[in-house]
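Asker: Here you go, sequence then predicted model.
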There are 2 protein chains.
Amino acid sequence: MSLADSRARREGPARGRPRSEAVERSIIEGVMKLLEDGVPLADLSMERVARTAGVGKATIYRRWRDKEELFVDVLRAAEPADPELPGTSMRDDLVVMLESLRQRGLLARSSAILHNVYAQMKSSPRIWTAYHATVVEPRRRLGAEVLRRGQENGELRADLDIDFVNDLFVGPMLVRTVLRPDGDLPEELAEQIVDALLTGLRPTGP
Amino acid sequence: MSLADSRARREGPARGRPRSEAVERSIIEGVMKLLEDGVPLADLSMERVARTAGVGKATIYRRWRDKEELFVDVLRAAEPADPELPGTSMRDDLVVMLESLRQRGLLARSSAILHNVYAQMKSSPRIWTAYHATVVEPRRRLGAEVLRRGQENGELRADLDIDFVNDLFVGPMLVRTVLRPDGDLPEELAEQIVDALLTGLRPTGP
């Protein structure tokens, strides 16, 4: 599946005329190609994007107000789609969510976009904020819902703050994917994290 | 305590002649001042560092082979000193270690050096690698020792991999300090993380 396919999938049914959607895709794919070729974010002008996609600047500005808005869509397209939660238990949902973070981490190691752009994004607070609002926050809200269901059905201690518990689960995975780019990401990691946290790290009786 | 004091403390007794140490400190403080004034890492040439510190370039090259080596010392000086572990229990040692990460996070929010340079460092693999080897790795090894003692004295399940458990403890704190620069860092966070992980998140019997 290409990155543009992944975006199209996320967007659901085509909006507007198919022709317009095709243009949008080719612009986004053009930017991805430039980023994958190692062009720094700062060197990507709207002119250059237009030239690469073979369209006029006006065509781009009709869809995105500015460079930052376009980049957020590019980043969103580069992100893997959100996972389908099995819904069988909080434990299983958490394993699937962490597994999707692990997959995203593996993808980021092989994708120049996810790899380079994240580092650069930090120096552009606007892109960073928009990325958080459109990618990170929805993921976080989904995690909170899963945990709340767990508190309701008795799988999770009810005395703990949801945001706090969320960080306990995602923290160890993010440390290995985002903070330590050479961190070990074995297949069973998601399951190991979830089960260790649920059971606790203190030895149980003999 | 100034950042240079913190470095001097870490280094222990003065090495070489006191005069030489003073020069070293003034060079490091000069770089810190430039970084705090917002000068990007890329714009900091050895010439500029020499001019700021009021020394010749040769004086700098006598101490640091290149810019990268100098920056790692600057970063090390900007880091808070390692905490003293109480040694009363694994639990207490972990709380102190996580509390020091929390303090470091709070400091990073107010220190332009820790704040800006980390983002920039990512684009310089050499500095990043050196920083990891001299700052992050020793901290990680200390955590591993604490956990190993816990496995020996029965505070920690012996069937768990030390590196894995290390990430379970530091992950949630790093998510709030490094990945989410506006993450909530309440005073009791270190204790809450350690105790929640040791006890487990599953409800205990009625």
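Answerer: Noted; the coordinates are in hand. Residues are numbered from 1 along each chain as shown, chains lettered A, B, ... in the order given.
Asker: Spatially nearest residue to the residue sitting nearest the centre point of chain A, not counting backbone neighbours?
Answerer: Centroid check for chain A by C-alpha atoms, centre = their mean gives A:Glu79 as the closest residue, at 4.6 Å. Leaving out its chain neighbours, the residue that sits closest to A:Glu79 by C-beta to C-beta, 6 or more residues apart in numbering or on different chains is A:Val135, at 5.7 Å. In this view, the C-beta of every residue, glycine as well, is placed from N, C-alpha and C.
Asker: give me every residue that touches the one you found.
Answerer: A:Val135 is in contact with A:Leu75, A:Arg76, A:Glu79, counting by C-beta atoms under 8 Å, 6 or more residues apart in numbering or on different chains.
Asker: Would you list the phi and psi of it?
Answerer: phi -120, psi -50 (degrees, to the nearest 10).
Asker: Could you check the pLDDT of it?
Answerer: A:Val135 is assigned a predicted lDDT (pLDDT) of 83.
Asker: How about chain A: which residue is closest to chain B?
Answerer: Closest contact between chain A and chain B, by C-beta to the nearest C-beta, is at A:Gly200 (2.4 Å).
Asker: what sits against A:Leu114?
Answerer: Applying C-beta under 8 Å, 6+ apart, we find A:Leu114 in contact with A:Ala78, A:Glu79, A:Arg104, A:Leu107, A:Ala108.
Asker: okay if I get those residues as CSV plus pLDDT?
Answerer: Formatted as CSV, the contacts of A:Leu114 follow (pLDDT from 0 to 100):
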residue, pLDDT
A:Ala78, 82
A:Glu79, 81
A:Arg104, 89
A:Leu107, 85
A:Ala108, 81
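Asker: Please list the members of these that lie in helices.
Answerer: Of those, the ones assigned to helices by DSSP state H are A:Ala78, A:Arg104, A:Leu107, A:Ala108.
Asker: The third one contacts A:Ser100, doesn't it?
Answerer: What that stands for is A:Leu107. No. Counting by C-beta atoms under 8 Å, A:Leu107 stays clear of A:Ser100, with 10.2 Å between them.
Asker: CSV for the contacts of A:Val135, including distance to B:Arg139?
Answerer: What follows is the contacts of A:Val135, written out as CSV (distance: C-beta to C-beta, whole Å):
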residue, distance to B:Arg139
A:Leu75, 31
A:Arg76, 35
A:Glu79, 31
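Asker: So which of the ones in helices among the contacts of A:Leu114 is the closest to B:Lys33?
Answerer: Nearest to B:Lys33 out of those is A:Ala108 (C-beta to C-beta; 35.7 Å).
Asker: Assess the claim that the closest one and A:Thr177 are in contact.
Answerer: Yes. Counting by C-beta under 8 Å, A:Ala108 does reach A:Thr177; the two are 6.8 Å apart.
Asker: So which helix or strand of chain A has the lowest pLDDT on average?
Answerer: helix A:3-11 (a mean of 44; mean pLDDT, DSSP states H and E).
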